[in-house]
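1. Predicted model and sequence follow; I will ask about them next.
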Amino acid sequence: MINSKYLIVIFICFTSCKTISIQKEAQHITTQSMMLGVVGNQKNFALEQDYNHVALPDYNQPIKVQPTVIAFSKPSFSAFKKAQQAQNNTVVVNYVDSVKTNQSSFLKLEIADRVSVINALKNKVNTDVFQFLQNNNQAHILTTISIALNQDDQDIIKKADEVFLETSGVKNYVLKTYIDKALQQTIKFTDGVVFAYQMSSACWKEDNKYQLQIINLVESNDNCPSKSYLSAKRAKKKINYYNF
């Protein structure tokens, strides 16, 4: 019989090996090429954890993105190298663990305008996506990624007044940078190497017509606002209880 102490050690190793701390927040490590704004769910296996892409909502309006420049650490650089190999990308990162100055950096890209995302999901063109989220409380929206870019692309994003997630072509997203409201550059997610991500879940609540609606998007460690629920079925039960 396995000693309980060994089980605890195995569990700690299992969970810690799957996440990385980015600005004191846990992000899931990945080797997949990923885009902000996609809908999917988590795949959990004994020695593997990754994201299963399910749908790409139609974002008719640009979605504001908040970029943050972060210096590589040993864990983040290790995650980057594994992802780089899997994605076969030539992004150049010069990192030396013993050198504490002039280190290479990566970008944390986070969807800043979640209201626009929620409004897009309510649009008729996204009815199927909305229904999928309603029927699958394990489904999430990718709202934060850590990505390494070549220095020129990273500098373009750093210097921009605004960065937006926008639709490009058929079911594809890109980042577009603006200065003084003028388009400067279009950057594809495949131009970089995504090595970590964070998901957000929908919070459900009834509207004044007793219809289920998404009122917020929250990370796994956050709670939904009062009288809203991560499970649409649970929210529906509350609707029935209080109103019928």
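-> Nice, I can see it.
2. Every contact and neighbour count from this point should use C-alpha atoms.
-> Will do.
3. low pLDDT regions in the chain?
-> Applying pLDDT under 70 to the chain flags residues 1-17, 43-50, 98-102, 238-244.
4. show me where it has strands.
-> According to DSSP state E, the chain carries its strands in the segments 19-22, 25-29, 39-44, 49-55, 63-71, 105-111, 139-148, 162-167, 173-179, 182-188, 193-206, 212-218.
5. Quick one: list the elements packing against the fifth one.
-> In this case it means strand 63-71. Contact here means 3 or more C-alpha pairs under 8 Å, 6 or more residues apart in numbering; DSSP states H and E; on that basis strand 63-71 packs against strand 105-111, helix 151-159, strand 162-167.
6. Let me have the strands of the chain in TSV, extended by mean neighbour count and distance to Cys224.
-> Compiled in TSV, these are given as follows (neighbours: other C-alpha atoms under 10 Å; distance: least, C-alpha to C-alpha, whole Å):
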stretch	mean neighbour count	distance to Cys224
strand 19-22	18	23
strand 25-29	20	18
strand 39-44	17	19
strand 49-55	17	23
strand 63-71	19	22
strand 105-111	22	18
strand 139-148	25	14
strand 162-167	22	25
strand 173-179	20	28
strand 182-188	15	32
strand 193-206	25	6
strand 212-218	21	7
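7. closest one to Lys81 among these?
-> Proximity to Lys81 (C-alpha to C-alpha) singles out strand 193-206 among the strands of the chain, at 8.5 Å.
8. Which strands or helices does the closest one pack on?
-> On a contact count with 3+ C-alpha pairs under 8 Å, 6+ apart, strand 193-206 meets strand 25-29, helix 74-87, strand 139-148, strand 212-218, helix 232-243.
9. Need these in CSV (columns: distance to Tyr173).
-> Listed next are the helices and strands packed on strand 193-206 as CSV, based on distance: least, C-alpha to C-alpha, whole Å:
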stretch, distance to Tyr173
strand 25-29, 21
helix 74-87, 18
strand 139-148, 12
strand 212-218, 20
helix 232-243, 28
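10. Nearest to Asn172, out of these?
-> Taking C-alpha to C-alpha, strand 139-148 is the member of these nearest to Asn172, at 14.2 Å.
11. So what's the gap between the closest one and the chain middle?
-> Offset of strand 139-148 from its chain centre (C-alpha atoms, centre = their mean, to the nearest Å): 1 Å.
12. What pairs with that strand, parallel or antiparallel?
-> Counting by DSSP bridges, the strands paired with strand 139-148 are strand 39-44 (antiparallel), strand 105-111 (antiparallel), strand 193-206 (antiparallel).
13. Extract the C-alpha set from it and format it as PDB.
-> Taking Å, rounded to 0.1, in the frame of the first residue of the first chain, the C-alpha atoms of strand 139-148 are listed here in PDB:
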ATOM      1  CA  ALA A 139     -15.900  25.000 -21.000                       C
ATOM      2  CA  HIS A 140     -13.800  28.200 -20.700                       C
ATOM      3  CA  ILE A 141     -12.600  31.200 -22.700                       C
ATOM      4  CA  LEU A 142      -8.800  31.800 -23.100                       C
ATOM      5  CA  THR A 143      -8.300  35.200 -21.600                       C
ATOM      6  CA  THR A 144      -4.600  35.400 -20.800                       C
ATOM      7  CA  ILE A 145      -1.500  34.000 -22.500                       C
ATOM      8  CA  SER A 146       2.300  34.200 -22.000                       C
ATOM      9  CA  ILE A 147       4.000  34.500 -25.300                       C
ATOM     10  CA  ALA A 148       7.600  35.000 -26.500                       C
END
